[in-house]
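Participant: Need the 3D shape of this:
(chains A and B)
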2 protein chains.
Amino acid sequence: MIVVEIITIGDELLIGQVVDTNSAWMAVELNKVGLDVRYKTTIGDNEKDILDALEKAFSRASIVLVTGGIGPTKDDITKKTLCKYFNTQLVFDEKTLKTIEEVIGRLHRTMNELTRFQAYVPENCTVIQNKMGTAPVTWFEKNGKILVSMPGVPYEMKWAMQKEIIPRLQKAFPTSGFIQHQAYWVKNYSESMLALHLEVFENELPQSIKLAYLPTSGLVRLRLTGKGANEAILNQRMKMQRDKLFALLSGNIVSEEDNALENVLDKILRDKKLTLSVAESCTGGKLASLFTVIPGCSEYFKGGVVSYSNEAKIRILDVNATDIDKYGAVSQPVVEQMVLGAQHIFQTDCAIAVSGVAGPGGGTPEKPVGTVWIAVVYKGKYRSLKFHFSQNRESNILRACNCGMTMLLEMLQPFLCMNFGGEDT
Amino acid sequence: MIVVEIITIGDELLIGQVVDTNSAWMAVELNKVGLDVRYKTTIGDNEKDILDALEKAFSRASIVLVTGGIGPTKDDITKKTLCKYFNTQLVFDEKTLKTIEEVIGRLHRTMNELTRFQAYVPENCTVIQNKMGTAPVTWFEKNGKILVSMPGVPYEMKWAMQKEIIPRLQKAFPTSGFIQHQAYWVKNYSESMLALHLEVFENELPQSIKLAYLPTSGLVRLRLTGKGANEAILNQRMKMQRDKLFALLSGNIVSEEDNALENVLDKILRDKKLTLSVAESCTGGKLASLFTVIPGCSEYFKGGVVSYSNEAKIRILDVNATDIDKYGAVSQPVVEQMVLGAQHIFQTDCAIAVSGVAGPGGGTPEKPVGTVWIAVVYKGKYRSLKFHFSQNRESNILRACNCGMTMLLEMLQPFLCMNFGGEDT
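Facilitator: Now for the predicted structure:
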């Protein structure tokens, strides 16, 4: 198996100013073409540490992908340090300058000496033109191994990986085997209960297939990873394990898309030509934002109300004020009126509503922090459930989103069993 | 300076199923007590790679913080591997079992053999009870260096770091010097224009102070990092550089809180006892969710409308249908009616409204992808601006949120100058 190492460079990653979302995205894309990320290293904008990391990476990986540290400012030293490591110098490249001028022109900006300096590139590398920014991508080869330096700006990196780097890596390593991941969203089990239930299954797995448990907010995501040189045999092996898992977990597998739940729902809603709206109290817009970041979601997503105050629930969603007084905002009657209110005001086929105590404040003995009511409606059918989540605000928000989406998923997918983790009342 | 290395363990981090948000959070907390993260290493649940990473980390760092791989399931091997590395064995710990029973009880679950096995701990370490989950935190010392293994579940890790690990590290390394970060949100400059403007300033910085540029969606975040053994001298030095920066950038510094813009606004709104609502089209709930994840935001945040469809704009926000027909949904008249609609329906002092073409679809020659109108209102005063962002949907959403928040910030903070990056019309 070809070993890949990702090196991310930047002080901002080490002091916590920026969360590295790049390397997760890169890993997913590399996996699709049979490339396996085995190491990830993060260092600051510091020559000695960069040189050490390059040395170590070249000693253990065949492909080294470096992100960051190639901006126009003085703190970015990756390009210079790569020259030192590969024993070469910076030379001016006319073609790169042209690309930079195009990029700058498109942004309605003017060139300056720093952006012009971006056209200096290491002499003994292949330059890949970056159509999304001013920092060129550079590709080095050494003893049959490859190093690629690319920008850390996410959309520039993504463009370069998809359009240029991955196709070239596939050409350079045509024989790298096959990797398959299968994911299963499982409800009704804690991580350890699920592991006990699957103990025999796990012990009987062939060497080439690995099982992992990923507890996500409100559900467990199972992952089977198979590796092999022959794609047909690998497919067969994975299919066999899948059948076994379905026999063991039957109605508890909510989805086998290796995708976030919002993407699973996105696909179903488009296929079925259904529309969706949301009414959110404690999730505060998070649920809507999960859908609206997906390109083209306006095909089915019509809108949402973040009804943080009781007045908003009453005025916009037509919730009965007396019910709020009598049962409280976090209650079955209120969440049911919220979901019908959203369905009505946005004129949608489906709707999800959430009302809960996210914490850390706002809890009472009867409704402690983590108490969340969720309702879903699909045409004339609706359902509401009460959940008890955790003490943690962020986790409660994410769990409520996931549980709301799962409830709608179950309404839209007839093969699933009924009894979800909440209390049905 | 004490060197810290973070090792994150888990296959899910290498295949991209999970984005590592832990290490950024840890770095921020460690920085506050003068501890500097210099290396971050990520490896899978694989004995050889874990042992190699431990070896390397102990050779270059004084504090090694390990997260992940200590769940109850078979794929988690960190605990066993630590025993191997420290040449010790697992022993049963009564006190840890008690803690696990408490945790399981609180979650209304029952013990099973896997959760019981969590009470086995390495013999020659200090066990720190984990009150948030079943995996104990373990603390090892070797040649004056320290290794701590903790859960990868974010809220368990955060609890352990804050309550137990950081206080103990401060005791173990009382003399570690001081680190100060200062952050400045700067508008109206691209990264390279700002760097040229600050070239002399940067060249004159003392050795102990570093300047970094962090282009964020729509703004540039500048960061000055100073290190020193004497806190008073460090303070003085940093203050001098701050004064220089203010003289150079005057009205373009939007905030000097080392915090996301939503946290900056959160503070101001609470201090001034003002209320806020939002009306979102292309940002789709993201803007609301930035505020609602902050504990206690209900003090000022009253709600939002995600008016993805024109009907929702008309029906809920009282936007004039004729204006939508005449000017389009992405236009000044519509965004101004949206912001007033939100202010009215939620009865708030302030409101932010966004309407734009996030892309990749929906662009026209007159309104290409990236065109965004934003309006803010503060009591009787309002303002709207047009922006031209990028081709990238996610980046457009984030830039629109940041620019909307900046516009409100400028209305609430009198010391700032007027001319923002958009086109004032």
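Participant: got a list of what the closest residue in space to A:Ile128 that isn't next to it in sequence touches?
Facilitator: The shortest distance from A:Ile128 to any non-neighbouring residue, by Cβ to Cβ, 6 or more residues apart in numbering or on different chains, is to A:Val137 (3.9 Å). (C-beta placed from N, C-alpha, C; glycine too.) Residues in contact with A:Val137 (Cβ atoms under 8 Å, 6 or more residues apart in numbering or on different chains) are A:127-130, A:148-151, A:160, A:164-165.
Participant: again, 6 Å this time
Facilitator: A:128, A:130, A:150, A:160 (Cβ atoms under 6 Å, 6 or more residues apart in numbering or on different chains).
Participant: what's the angle from whichever strand or helix holds A:Thr41 to strand B:36-43?
Facilitator: Here A:Thr41 sits within strand A:36-43, counting by DSSP states H and E. If you take axes from the mean of the first three to the mean of the last three Cα atoms, to 10 degrees, strand A:36-43 sits at 180 degrees to strand B:36-43.
Participant: tally of neighbours for A:Glu311?
Facilitator: 16 (other Cβ atoms under 10 Å in any protein chain shown).
Participant: in the stretch 201-350 of chain A, which spans are helices?
Facilitator: With helices called from DSSP state H, counting those that start in this stretch, the stretch 201-350 of chain A shows them at A:231-249, A:261-272, A:286-292, A:310-317, A:321-327, A:332-346.
Participant: Go through the ones you listed and name the closest to chain B.
Facilitator: Closest of those to chain B is helix A:286-292, at 2.4 Å (criterion: Cβ to the nearest Cβ).
Participant: What pLDDT does the model give the residue minimising distance to the centre of chain A?
Facilitator: Centroid-nearest residue in chain A, with Cα atoms, centre = their mean: A:Ala260, separated by 7.0 Å. Listed pLDDT for A:Ala260 reads 84.
Participant: Setting aside sequence-adjacent positions, which residue approaches it most closely?
Facilitator: Per Cβ to Cβ, 6+ apart, closest to A:Ala260 is A:Leu290, 7.4 Å.
Participant: ok, the one you found touching A:Asn263?
Facilitator: No: using Cβ atoms under 6 Å, A:Leu290 is not in contact with A:Asn263, being 9.1 Å away.
Participant: The two - which one has more neighbours?
Facilitator: Set A:Leu290 next to A:Asn263 and count neighbours by other Cβ under 10 Å: A:Leu290 wins out with 26 against 15.
Participant: Touching, A:Glu262 and A:Ser289? I think so.
Facilitator: No: applying Cβ under 6 Å as the test, A:Glu262 and A:Ser289 come out as separate, 9.4 Å apart.
Participant: Name the helix or strand for A:Pro368, please.
Facilitator: Under the criterion of DSSP H and E, A:Pro368 resides outside all helices and strands.
Participant: Please name the residues that touch the closest residue to it other than its chain neighbours.
Facilitator: Excluding the flanking residues, the one nearest A:Pro368 by Cβ to Cβ, 6+ apart is A:Val357, at 7.1 Å. Shown in contact with A:Val357 (Cβ under 6 Å, 6+ apart): A:330, A:363, A:367, A:369, A:371.
Participant: Kindly recompute the last result at 8 Å.
Facilitator: Counted by Cβ under 8 Å, 6+ apart, A:Val357 has contacts A:282, A:330, A:363, A:367-372, A:396.
Participant: Just name the closest of the residues you listed to B:Ala119, please.
Facilitator: Checking those against B:Ala119 with Cβ to Cβ, the nearest one is A:Gly370 at 25.7 Å.
Participant: if I look at the closest one, how far off is A:Val153?
Facilitator: Using Cβ to Cβ, to the nearest Å, A:Gly370 is found at 38 Å from A:Val153.
Participant: what about the residue lying closest to A:Asn402 once chain neighbours are set aside, neighbour count?
Facilitator: Once flanking residues are discounted, A:Asn402 sits nearest to A:Gly218: 4.3 Å by Cβ to Cβ, 6+ apart. Neighbour count for A:Gly218, taken as other Cβ under 10 Å: 24.
Participant: If anything else comes up later, I'll come back, but that's it for now.
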